[in-house]
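A.B. asks: Requesting a structural model of the entry that follows:
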Amino acid sequence: MKKFQLRASDRRVSFQFSVSNRSLIPDSIRAWNEFRGRAVKETDARAFVRKQNLNGVQVLEDAQEVYVHETLITNLERHGFRLSGVVYSERQGGQARNQTYYMVRFVFFREGFADQIPGFEDHREEFACVLRKLMKEAFWKVRGYQNPMHDDRGNELPNLPAISLNFEARMACLGPDGKPEMRWQRDQQGDRIGDTKVPWQPDPKFILGIHPGGDEIELFPYVKK
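C.D. replies: Coordinates of the predicted model:
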């Protein structure tokens, strides 16, 4: 399944990123969640509830080295979705069992269905820039699910489907300054070629996007021009 259709009944689309490097997520997002009274360190009880609710249907197959096209958000907004919340959590159980990893979820609700969060509008554009930066500077392992929605206590909200796009296994394609990393060119034996480093610009395997006039989120095989 390399594509799925956004349905009129889909109320929410989430972009969930999991990373091992906390510095990739600005302190302002952690501070926002603390301000909202949300515990940023996931407790064992909360983790248990979350894992019990893993009952979604996979609608987008796992794909490696995916670049998220910058128009994905623009086209999602054209379908009536708007960034309405950001959730941050520090969790245990990354690639190593006791490893801490950091999760940030950007939540888009279809207009008319989001609860107004006091103060969020003051931060909305700042958080949207963080989302664009995460998408722009790396390739990701991506998969997508259609899930039932749950309230803050983990209770299922019937007849309210939601889409979750999960991003893991980050592969940086730009340096911390937003520019391509400089690397030596090497031949098939691994020996250096040339006198100076050159910009390293890897190619993704897939592009994740939405057709401008359509309603399908799709993985497009990357074709080098």
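
A.B. asks: Now do stretch 113-125: distance to the chain's middle.
C.D. replies: In terms of CA atoms, centre = their mean, to the nearest Å, the centre of stretch 113-125 is found 19 Å from the chain centre.

A.B. asks: what's that stretch in contact with?
C.D. replies: Residues lying outside stretch 113-125 but in contact with it, judged by CB atoms under 8 Å, 6 or more residues apart in numbering, are 11-12, 28, 32, 35-36, 82-86. Backbone N, C-alpha and C define where each C-beta goes, glycine included.

A.B. asks: how about the strands in this protein?
C.D. replies: With DSSP state E as the criterion, the chain has strands at 3-5, 12-19, 57-68, 81-92, 100-110, 138-150, 156-172, 181-186, 192-200, 206-210, 216-221.

A.B. asks: Could you verify my assumption that Leu24 touches Leu134?
C.D. replies: Yes: counting by CB atoms under 8 Å, Leu24 touches Leu134, with 7.1 Å between them.

A.B. asks: Could you pull out the buried residues of the lengthiest helix in the chain?
C.D. replies: Counting by DSSP state H, the longest helix found in the chain is helix 124-136. Across helix 124-136, burial judged by 16 or more other CB atoms under 10 Å covers 127-128, 130-131, 134-135.

A.B. asks: And stretch 107-126, by the same measure?
C.D. replies: Of all the residues in stretch 107-126, those buried under the rule 16+ other CB under 10 Å are 107-110, 114, 120, 123.

A.B. asks: quick one: which two of the residues you listed are the most distant?
C.D. replies: The most widely separated members of those, counting by CB to CB, are Arg110 and His123 (20.5 Å).

A.B. asks: Give me the below-cutoff pLDDT ranges for the protein.
C.D. replies: The model of the chain has pLDDT under 70 over residues 1, 43, 45, 47-54, 94-97, 150-156, 158-159.

A.B. asks: how much space between the residue of the chain positioned farthest from its centre and Arg183?
C.D. replies: Most distant residue from the mean C-alpha position of the chain: Asp195, 38.4 Å away (CA atoms, centre = their mean). Distance, Asp195 to Arg183, using CB to CB, to the nearest Å: 14 Å.
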